[in-house]
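**Q** sequence and predicted structure below; questions after.
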Amino acid sequence: MPALPALGALSIGSLPFTDAHHACRRILQHFPEIPAWPQLPRRSFQENMYAQFSERFPGIVLAADRLWVDRQQDLSPALEALYAAYLEDDLSYGEITPDYAAALRPFLDLVAADPCPRAQRRDATLPPSAAKGRPTPTNRRLAAPRNTQYALEAPPLCLKAQVTGPVSWGLTVLDGDRRPTLYDEVLADAIARHLRLKARWLERALRQTCPHTLISVDEPYLSSFGSAYVSLGREQAIALIEEVLSGIDGLTMVHCCGNTDWSLLLETSVDVLSFDAYSYAAHVSLYPEEIAAFLDRGGMLAWGITPKSDDAYSETIEGLVDRLCEAMRALAGKGIHIDDILHASLISPSCGLGLLSEPLAEHVLELTAGVSSAMRERYA
C-alpha cells in the first residue's frame, strides 16, 4: 500500500451536479492522484448522506424525502440478517445500488479507462511503514507536482470513497417518536455494524479498479460532542467509530467539518484526520501532544483550507496558501517540526460541496487544486 502524496489534493465527497459523468470528470480533472467517488445529493434524496447508506437497515423507511426507523415493526428478522452478514463478512449486504449512488459506476469506469499502464503507477511517493502503508516521520519526502488537467498522465495513486459515520447517522436518523436511533442501545450497535459493511463493500468496489484505497468516515455531528444537546460518552463515540474503521483494510480517514474534541478522533486508529482548517485550524493546534503522537505513528492531516461558502469568491490561491502556512507555523510553534507537518499534510475543501451552486463548487475545486500545486512548488 503506497502512502498518500504529501501536499496532495483530495475532495471531501459531495458535489452539486446532477450529471454523474460530469461530476466524475471534474473530480478526475482536479484530483488526479486521489480522486473520490462523488456523492450527488441534488440528483436525488437517496444520495443524501444519511439516506445513501440506509439500504437494508432494519426498519428503515424512506418516503417523501424523509428517512426514519419504524420501531413498530418486528425488527428481529432484519437484525438477524444484519448480524449474520456481519459475522460471515457477507459484503453483498453492504451493497449500495445505483439509485443511491449514480456516480459510482461511471467513476470506476472512467478510472479504469485510463490509458496509462498499471505498471507505470507511481507507488514511490512516500515509503510505507511496515504496519499499514503509513509514511514514517524519518522517511517522508515530497512528491513531485502533478498536472491537474483531465488527461491523466498516470493512474491514480489511490481511490477515495466516503461513508457517513455512526455517530452522525445515529443522531440524524430518528425513530417514529423522533428520538435519535443512536440512543437505542440495540440500534446503536446495529448502526456501527451496518456502516462497517457499507464501508467494506465500497472498499471492495474501488479495489476492483485500483488496489489502493482511502475510505473516509464522515462525522459532522461530532461538532456537537460534549454539548448539552448530545448525550454521548467519549468511550461510546470512540467504540462506534472504531467499529467502522477496524473493518477497512486500506487507509482510513475521519472528517469533521466543525470544531470538536480533536483528541477523541486522534485516539482512534484513523490514518488521516480531515478538518475545516479555514475556520478551525487554531482549535486543532490546541492539541499539539496528541497531533505529535499521531504524526509519529504515520498519521496525516487533511487541511480543509478552501471555504465552502461565498467567501471562496474573495479568496485567491496565494491568499489561501498564506493562510495555510500561517496555520502550519502556529502548530509548529507548539513543538512539532514544520517538515513533519508538511510531509504529513493533504489539501482539501473545508467540507463537502453538495449544497453549493455549481459555479461556486467549480471555483472551490479549482482553488483547492491550485493551493496543492502552489504549496508543492513553494516547499519541494
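**A** All right, it came through fine.
**Q** can we go C-alpha only for contacts and neighbour counts from here?
**A** Fine.
**Q** the stretch 201-350 of the chain: strands as residue ranges?
**A** Along the stretch 201-350 of the chain, the segments classed as strands by DSSP state E, counting those that start in this stretch run 213-218, 251-256, 272-275, 300-306, 345-349.
**Q** quick one, which of the ones you listed is nearest to I27?
**A** Across the strands of the stretch 201-350 of the chain, I27 has its closest neighbour in strand 345-349 (12.2 Å, CA to CA).
**Q** what separates that closest one from the chain centre, distance-wise?
**A** Distance of strand 345-349 from its chain centroid, counting by CA atoms, centre = their mean, to the nearest Å, is 11 Å.
**Q** with stretch 190-202 instead?
**A** With CA atoms, centre = their mean, you get 15 Å for stretch 190-202.
**Q** swap in stretch 91-98?
**A** Using CA atoms, centre = their mean, the offset of stretch 91-98 from its chain centre is 19 Å.
**Q** CA atoms only: put it into CSV for me.
**A** Only the C-alpha atoms of stretch 91-98 are listed here, as CSV (Å, rounded to 0.1, in the frame of the first residue of the first chain):
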residue,chain,number,x,y,z
LEU,A,91,-20.3,-7.8,1.8
SER,A,92,-23.2,-8.2,-0.5
TYR,A,93,-25.3,-6.9,2.4
GLY,A,94,-23.5,-3.6,2.2
GLU,A,95,-24.1,-3.0,-1.5
ILE,A,96,-25.0,0.5,-2.5
THR,A,97,-27.3,0.2,-5.5
PRO,A,98,-27.2,2.7,-8.5
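**Q** give me the mean pLDDT for that stretch.
**A** Averaged over stretch 91-98, pLDDT sits at 97.
**Q** please apply the same query to stretch 289-300.
**A** Mean predicted lDDT for stretch 289-300 stands at 97.
**Q** give me the buried positions along that stretch.
**A** Residues of stretch 289-300 classed as buried: E290, I291, A292, F294, L295, D296, R297, G298, G299, M300 (neighbour count, 16 or more other CA atoms under 10 Å).
**Q** which ones are touching the fourth one?
**A** Think F294. Residues near F294 by CA atoms under 8 Å, 6 or more residues apart in numbering: L266, M300.
**Q** how near is it to Y83?
**A** 33 Å (CA to CA, to the nearest Å).
**Q** returning to that earlier point: got the strands of the stretch 201-350 of the chain as CSV, with distance to A154 columns?
**A** Conversion of the strands of the stretch 201-350 of the chain to CSV gives the following (distance: least, CA to CA, whole Å):
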stretch, distance to A154
strand 213-218, 16
strand 251-256, 21
strand 272-275, 24
strand 300-306, 23
strand 345-349, 19
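**Q** ok, which of these comes nearest Y379?
**A** strand 345-349 (12.1 Å).
**Q** give me the residues contacting that closest one.
**A** By CA under 8 Å, 6+ apart, strand 345-349 touches 5-12, 276, 300-308, 364-365, 368-369, 371-372.
**Q** swap in stretch 187-201?
**A** 53, 57, 79, 82-83, 86, 89-96, 162-166, 169-170, 181-182, 215, 240-241, 243-245, 247-248.
**Q** now, these that are in helices?
**A** Among the contacts of stretch 187-201, DSSP state H puts L79, L82, Y83, Y86, P166, W169, G170, L240, I241, E243, V244, L245 in helices.
**Q** related to what we said a few turns ago, ok, so of the buried residues of stretch 289-300, who is nearest P32?
**A** Proximity of the buried residues of stretch 289-300 to P32 (CA to CA) peaks at M300, which lies at 19.0 Å.
**Q** for G335, grab the count of nearby residues.
**A** 11 (other CA atoms under 10 Å).
**Q** okay, and which of the contacts of strand 345-349 map to helices?
**A** V364, L365, T368, A369, V371, S372.
**Q** so who does the first one touch?
**A** Think V364. V364 neighbours (CA under 8 Å, 6+ apart): T306, P307, K308, A312, P349.
**Q** how close does the residue nearest the centre of the chain sit to V254?
**A** Among the residues of the chain, the one closest to the centroid is S216, at 3.0 Å (CA atoms, centre = their mean). To V254, S216 is 5 Å away according to CA to CA.
**Q** quick one, phi/psi of the closest residue to D175 other than its chain neighbours?
**A** Residue nearest to D175 in three dimensions, not counting chain neighbours: V69, with 4.6 Å by CA to CA, 6 or more residues apart in numbering. Phi and psi for V69, reported as degrees, to the nearest 10, are phi -110, psi 120.
**Q** many thanks, have a good one.
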